[in-house]
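>>> what shape does this take:
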Amino acid sequence: MKRLLYLFSFVVFLSQSVSAQNPNKKITVQKSFGTVNFYMESEKLTLRQLIRVTTPCETACAEIKSSQKLYTTGIITACVGGFIIGWQAGNAIDGHSPKWGIVALGGGIALASIPLTKRSMKKTLNAVGLYNSSIKQSSFRQIDRSKLSLSFNGNGIGLKMNFLL
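Just a heads-up that it's a prediction; the model follows:
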C-alpha cells in the first residue's frame with residue numbers, strides 16, 4: 001500500500017511539473033488608455049512574471065530587464081519632480097511665497113520621466129514580440145503537445161502518456 005501511495009504522489013508531482021513548464025504559450029497584449037496589460041491564457045502577467053516567462057528566449061529576457069530599469073528610473077524621476085512641486089505647493093498653502101524657479105525645476109524633472117516610461121514600454125512590447133516569434137520558430141519545444149495523465153480502469157492504476165504530433 002505504501003508503494004502505491006508513493007507511486008501516486010510521484011505521478012501527481014510529475015504531471016504537475018510537466019504542465020507547469022509550458023513555454024509554448026503566446027503572450028497577448030491588451031492596450032487601453034494609459035495602460036498596457038500582458039496576458040498568457042487569460043492570466044494577467046506582472047513585469048516579474050514576464051521576466052520569468054521569457055527566460056528561455058535570452059534576447060527577450062534581456063530586453064525586458066532593460067525595460068524594467070528604464071521604468072524604475074522613470075518612476076523615481078516622476079516622484080522626485082512631484083515631491084519638489086508638492087513641497088512648493090505646501091509652502092504656498094502655508095502662506096509663504098513659492099519659489100517659482102524650484103517649481104519649474106520640479107516640473108521639468110517630472111516631464112523628463114515621460115520619455116523614459118514610453119521607451120520602457122516600447123522595449124517591453126519589442127521583447128514580447130521577440131518571445132512570441134521565437135515560439136513560432138522553435139521546433140524543439142513540444143512539451144505542451146504531449147499529455148501525461150493518471151489512468152484508472154478495471155485492471156488497476158496506470159500512467160498514460162499521449163504524444164500529439
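
>>> when you work out contacts or count neighbours from here on, use the C-alpha atoms and nothing else.
Will do.

>>> the one residue sitting closest to the centre of the chain is in what secondary structure piece?
Computing the C-alpha centroid of the chain and ranking residues by C-alpha atoms, centre = their mean puts L50 first, at 2.3 Å. In the assignment (DSSP states H and E), L50 maps to helix 47-53.

>>> one step back: ok, the closest residue in space to the residue nearest to the centre of the chain that isn't next to it in sequence - how many residues close by?
Nearest non-adjacent residue to L50, counting by C-alpha to C-alpha, 6 or more residues apart in numbering: I64, 7.7 Å away. When counting by other C-alpha atoms under 10 Å, one arrives at 27 neighbours for I64.

>>> F152 now?
11.

>>> ok, the residue lying closest to it once chain neighbours are set aside - contacts?
Using C-alpha to C-alpha, 6+ apart and skipping residues adjacent in sequence, the residue nearest F152 is G158, 6.4 Å away. Listed by C-alpha atoms under 8 Å, 6 or more residues apart in numbering, the contact set of G158 reads 150-152.

>>> in three-state terms, label G158 for me.
With DSSP: H, G, I helix; E, B strand; the rest coil as the basis, G158 sits in strand.

>>> I'd like to know how far it sits from G74.
55 Å (C-alpha to C-alpha, to the nearest Å).

>>> pretty sure N126 sits in a strand.
No: N126 is assigned helix when assessed by three-state DSSP, not a strand.

>>> can you give me the strands in this protein?
Ranges of strands in the chain, per DSSP state E, are 28-32, 35-40, 43-45, 146-153, 156-163.

>>> now the last one: mean pLDDT?
Regarding strand 156-163, the rounded mean pLDDT is 74.

>>> what's the answer for stretch 123-140, then?
Averaging pLDDT along stretch 123-140 gives 80.

>>> which residue ranges form the helices in the protein?
Using DSSP state H, the helices of the chain run over residues 2-20, 47-53, 58-94, 100-137.

>>> packing partners of the helix holding L50?
helix 58-94 (3 or more C-alpha pairs under 8 Å, 6 or more residues apart in numbering; DSSP states H and E).

>>> ok now the helix it packs on, how far from the chain's centre?
How far helix 58-94 lies from its chain's middle: 20 Å, per C-alpha atoms, centre = their mean, to the nearest Å.

>>> residue contacts, the residue lying closest to T46 once chain neighbours are set aside?
Once flanking residues are discounted, T46 sits nearest to F38: 7.5 Å by C-alpha to C-alpha, 6+ apart. Counting by C-alpha under 8 Å, 6+ apart, F38 touches 27-30, 44-46.
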